[in-house]
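Novice: need coordinates for the below:
(chains A and B)
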2 protein chains.
Amino acid sequence: MSSIPTLLRALSGETLARPPVWFMRQAGRTLPEYRALRETTPDFISFCLDPEKAAEATLQPMRRFPLSAAIVFADILLLPRALGQDVWFEAGEGPRLAALPPIEKLRAELDASTDRLSAVGETLKIVRAKLEPERALIGFAGAPWTVATYMLEGGSSDREKARTYAYTNPKELDALLDVLVEGTVRYMAMQARSGAQVLKIFESWAENLPEDLFERIVIGPHKRIVEGLRAAGVTGPIIGFPRGASSLAELYAAKSGVDCVALDVGADAAAGRRIQKIKTIQGNLDPLLLRAGGPALDARVDQLIEQWASGPYIFNLGHGLLPDTPIPHIERALSRITGG
Amino acid sequence: MSSIPTLLRALSGETLARPPVWFMRQAGRTLPEYRALRETTPDFISFCLDPEKAAEATLQPMRRFPLSAAIVFADILLLPRALGQDVWFEAGEGPRLAALPPIEKLRAELDASTDRLSAVGETLKIVRAKLEPERALIGFAGAPWTVATYMLEGGSSDREKARTYAYTNPKELDALLDVLVEGTVRYMAMQARSGAQVLKIFESWAENLPEDLFERIVIGPHKRIVEGLRAAGVTGPIIGFPRGASSLAELYAAKSGVDCVALDVGADAAAGRRIQKIKTIQGNLDPLLLRAGGPALDARVDQLIEQWASGPYIFNLGHGLLPDTPIPHIERALSRITGG
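Specialist: Numbers count the residues shown, from 1 in each chain, chains lettered A, B, ... in the order given. Next comes the predicted model:
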């Protein structure tokens, strides 16, 4: 048996007898032990920046489930916070952000921002020391456009304001994306130095973007992040997740420079196969189906493996695990995927 | 000059020197004359079912703008209402629906439902009589899955409940979709008899559906509607709009039986070109860009024409016109499209 993590083997283009598997948002609210841990630090940002607790949250699902990889417990809004835009979470609501600081002010914080995120590096070091060597460790960041939507809108939204801003203030948006690209490169390079073997860029809001805008604000920044990471000496594989990219996921696969494209719920077999000719693919079980369970779940798990596991493939969801997903459904799906 | 409407020529597969153009939701809140008319009948359903007023709302944008087609002023929720599920609109909010009646009760109302929608037929007759012969008249209905999401959820939503229902209650959902297919065929055939030369099926919520579910609840019902309409003697072209179908729009184009696929905002040039080899395409200007205006709008209008007008193509938006779109932006875009 090779001790190289199966996730890394799949990411290097290898086809495995059984695909590696992990689930987006596998750490967190689904698990009672997580909810108990969270109660000890009610403030979410403080929890994310407590390396011992964040490491424990990262490891909890690894103890319960036969997952191939852990993903560091953190939040995509830690970066704007580190760049000087205040971020907080109201109980039971989404994130809130203070007014967007001037771009020069954000840029002036770039040097300090990575230091302010050092807790995430500490979390990774603790997890890597405790995690079995055959299980991979993933670091991540939000993609610049997705993070910018929160920074421009002050929280969760339909992104209508941010998308309009992309048309009316293209230079200002490009400047903001540039700062975020630079901050993300530094942040992710630090994560790689701290033990992350794989890095994932989460573009949660790639949907409803016309092709020209998608190229400018999604593909361009992702490409510059990949190039920046390579220039910084990061050699590990990079996964990109352009959620909602629609048929543009193929353009993204061809141009972004990432090593693996994570497919969302709506991505189809034909498009996946075309992407799989040039990249490893990951995805795309519907989290609603994992929560619903039953024969439809079994059938779909089998179908996804049939459909994609004859090439380089990582089993995952098409979006994050839903908090009220029954644990037996996760166990049952994993049993079919791993053949265990 | 041919007096055959340019919309019909494009829908029959012809490539025109200038593409025909119309805008989804071209009739309505954007126009001050519409807002004045609406004030005379504040209840939205009553307004839709008043043929004189609905015809006037349909014709208002035709007087202002050089549009190639009119689309009847109506609402996709008139059908569930005609099938016996009460629908109402709260001011400033979305639609509300009463609890879903048992499926047998809905089915028993099929015969009566088309009669209850006769006002829409009257509207079409009035519009057709007043509209210039070289401008086409479009009838429409909501697609079964989209209508079912409202019926199941009681109003606008994230469709999470309805999508879960598709997994947990497949037989019940299929039965509901069957009733809606049958009701839609009768409703649209009546629209065709009343003067609608083109019919459009609006699947507003095709997004986030896995391929197998998409085939079952989107492609299947659309195909049965097309077949039902043809069996009922309807010969006019049918446009399908699977909004959010992502890369599955190509599968939809190949299998649904519609004559034209309307592309949403995120559909790209390459996918559009592949679809255009077998169908007329329509789309896909971002309504946010039409509202924003400026040089980015001009450039995108020109680019869309460059991209697609060398084949059978209808210029349109990728989603509905936004109520606060400045009228000069509409005029400017139309001037570039029509070369007028």
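
Novice: now do the buried residues in the helix ranked longest in chain A.
Specialist: Longest helix of chain A, by residue count under DSSP state H: helix A:170-193. The neighbour-count check on helix A:170-193 (16 or more other CB atoms under 10 Å in any protein chain shown) flags A:170, A:173, A:176-192 as buried. Using the backbone N, CA and C atoms, a C-beta is placed for each residue, glycine as well.

Novice: same check, this time on stretch A:116-130
Specialist: Using 16+ other CB under 10 Å as the test for burial, stretch A:116-130 gives A:116-117, A:119-124, A:126-128.

Novice: spatially nearest residue to A:Ser113, not counting backbone neighbours?
Specialist: Nearest non-adjacent residue to A:Ser113, counting by CB to CB, 6 or more residues apart in numbering or on different chains: A:Ala82, 4.0 Å away.

Novice: which residues sit in contact with that neighbour?
Specialist: A:Ala82 is in contact with A:109, A:112-114, A:116-117, A:183, A:187, counting by CB atoms under 8 Å, 6 or more residues apart in numbering or on different chains.

Novice: nearest to chain B among those residues?
Specialist: Here the nearest of the contacts of A:Ala82 to chain B, counting by CB to the nearest CB, is A:Gly183; it sits at 26.7 Å.

Novice: pLDDT score for that closest one?
Specialist: Note on A:Gly183: pLDDT of 98.

Novice: so it makes contact with A:Gly84?
Specialist: No. The criterion here is CB atoms under 8 Å, and A:Gly183 misses it with A:Gly84 at 10.7 Å.

Novice: run through the neighbouring helices and strands of the strand or helix carrying A:Leu106.
Specialist: Following DSSP states H and E, one finds A:Leu106 within helix A:103-108. Helices and strands touching helix A:103-108, by 3 or more CB pairs under 8 Å, 6 or more residues apart in numbering or on different chains; DSSP states H and E, are helix A:170-193.

Novice: returning to that earlier point: out of the buried residues of helix A:170-193, which are close to chain B?
Specialist: Of the entries in the buried residues of helix A:170-193, the ones placed beside chain B under the rule of CB under 8 Å from any CB of the partner chain are A:Pro170.

Novice: and the residue nearest to A:Ser113, how far from A:Arg116?
Specialist: 4 Å (CB to CB, to the nearest Å).

Novice: how distant is whichever strand or helix holds A:Val127 from the center of its chain?
Specialist: Per DSSP H and E: A:Val127 is located in helix A:118-130. Mean-position distance between helix A:118-130 and its chain equals 17 Å (CA atoms, centre = their mean, to the nearest Å).

Novice: which residues does that helix contact?
Specialist: The contact list for helix A:118-130 (CB under 8 Å, 6+ apart) reads A:48-52, A:54-55, A:58-59, A:70, A:72-74, A:78, A:137, A:139, A:187, A:190-191, A:193-196.

Novice: let's see that with 7 Å instead.
Specialist: A:49, A:51-52, A:54-55, A:58-59, A:70, A:72-74, A:78, A:137, A:139, A:190-191, A:194-196 (CB atoms under 7 Å, 6 or more residues apart in numbering or on different chains).

Novice: in ChimeraX, how would I select the buried members of those residues?
Specialist: Of the contacts of helix A:118-130, the buried ones can be selected in ChimeraX as follows, counting by 16+ other CB under 10 Å:
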select /A:49,51,54,55,58,59,70,72,73,74,78,137,139,190,191,194,195,196
